[in-house]
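[1] build me a model from this:
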Amino acid sequence: MDRRTANSQWPEETADLPSFYSPKSRPHEAPATHLNADTLSLSPLVQPPTTYPESDRGFDATQLPPPSLLSPQFTPPATPSGAATPTTEHVPRGVPVDSSLPTGGCGSKRPRLLETLPEVQCIVRARIPTVTGTEMWLHLYSNNVDTKEHLAIVFGNNIRSRSLDEPREDETEMDRMIRGAYVGRLFPGRATSGMMGTGAEGEAGKDGGNGSSPLVRIHSECYTGETAWSARCDCGEQLDEAARLMSLPSQQESGGIIIYLRQEGRGIGLGEKLKAYNLQDLGSDTVEANLLLRHPADARSYGLATAILRDLGQEEIRLLTNNPEKIRAVEGPNREVKVLERVAMVPLSWKGRGGFKSKEVEGYLKTKIEKMGHMLEMGGMGP
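    As a prediction, the model looks like this:
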């Protein structure tokens, strides 16, 4: 159904959006008047099983972790796993795209692509339990392009790295477990990785069995927005929201991946980015400031992200982005990865679900829409 037809049933009034946001949109049915911690928190993934499936065990069945001393009855109701968790989800809806077509929803520009994809290797993987109850798997990568430590944050248990799982010369089972090349979960006294002779090395990247593609976010490092609480951009909020969406129960089958690239300040580095901030205080917008410092408006590249996605076994993805130009850039020089859908990343404050507002961030979003072609439509979310 055409989205304009689908939205025609809604009245002409729009949500309380910034003045530069022109498209008519469906009003939020129940605008939040305060920050709802339950709505914004990360939903927990399925609790770890107390036993391992035979196909994943690969070690003595008697070597099971001790039972948990915590009971669900003692879980405080306000935590993500408690009774206060909302029963409805804000599930992301994707807009189909096809970069092979001129009108495929991928922007009009031709992004800068590498002739060949970089070589990447996952050095180590570790389980990260988070303060919200969700678990994720942090993968650290090396590459042959730069010396930076790029990362992949993986949600779900079915997405694996090929380069990490490959056996390495003269390593022991303990070596494999220490670098994260194991199946199931680690626990005190475990002696084997559960991978040798089980064929697990060939299972990298398989989905959870429902055939759906994972939700993927390509996120560039932003120290000021993620660590220094900056209200000049929405990068920190975008990172948090991406994690929340990927940990929804409806996403558990397909999983989710955040590729975290160390390209601060759209690729110009933190020092130059801070200079750009001073130029913004002197009256320039974010694009003009970069140009005045003799940098491109956007100096980022995404070849490393494509290579990491391939290492994680992904050939078709749903991309969480407002930038249609990023679609073709992430797909790689020969469409090594195909983007099937683009899912919008709408600011939480625009949806009436908390978030934050500031003069600086509205100017930042205005410039991204007007000068960089970003699309922040409201129609991409559903109950």
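[2] low-confidence ranges in the stretch 101-250 of the chain?
    Applying pLDDT under 70 to the stretch 101-250 of the chain flags residues 107-112, 196-211.
[3] hey, where'd the helices end up in it?
    162-165, 173-178, 223-226, 235-246 (DSSP state H, counting those that start in this stretch).
[4] any buried residues in the second one, and which?
    In this case it means helix 173-178. 173, 176-177 (16 or more other Cβ atoms under 10 Å). To be clear about C-beta, it is placed using only N, CA and C from the backbone, and glycine gets the same treatment.
[5] residues contacting that helix, please?
    Contact with helix 173-178 is made by 167-168, 182, 186, 190-193, 195-196, as judged by Cβ atoms under 8 Å, 6 or more residues apart in numbering.
[6] turn the residues you listed into JSON lines, columns for distance to A276 and neighbour count.
    What follows is those, written out as JSON lines (distance: Cβ to Cβ, whole Å; neighbours: other Cβ atoms under 10 Å):
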{"residue": "P167", "distance to A276": "46", "neighbour count": "11"}
{"residue": "R168", "distance to A276": "43", "neighbour count": "10"}
{"residue": "Y182", "distance to A276": "44", "neighbour count": "23"}
{"residue": "L186", "distance to A276": "44", "neighbour count": "14"}
{"residue": "R190", "distance to A276": "49", "neighbour count": "19"}
{"residue": "A191", "distance to A276": "53", "neighbour count": "11"}
{"residue": "T192", "distance to A276": "52", "neighbour count": "17"}
{"residue": "S193", "distance to A276": "47", "neighbour count": "27"}
{"residue": "M195", "distance to A276": "47", "neighbour count": "23"}
{"residue": "M196", "distance to A276": "51", "neighbour count": "14"}
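[7] relative to Y302, which of those is nearest.
    For the contacts of helix 173-178, the closest approach to Y302 (Cβ to Cβ) belongs to R168, at 28.5 Å.
[8] pLDDT below threshold where in the stretch 251-383 of the chain?
    Looking at the stretch 251-383 of the chain by pLDDT under 70, you get 350-352, 363-364, 366-383.
[9] apply 80 and report the result again.
    Low-confidence segments of the stretch 251-383 of the chain (pLDDT under 80): 299, 346-383.
[10] what is the burial count for the residue lying closest to E115 once chain neighbours are set aside?
    Nearest residue to E115, sequence neighbours excluded (Cβ to Cβ, 6 or more residues apart in numbering): P333, at 6.1 Å. For P333, the count of nearby residues is 12 (other Cβ atoms under 10 Å).
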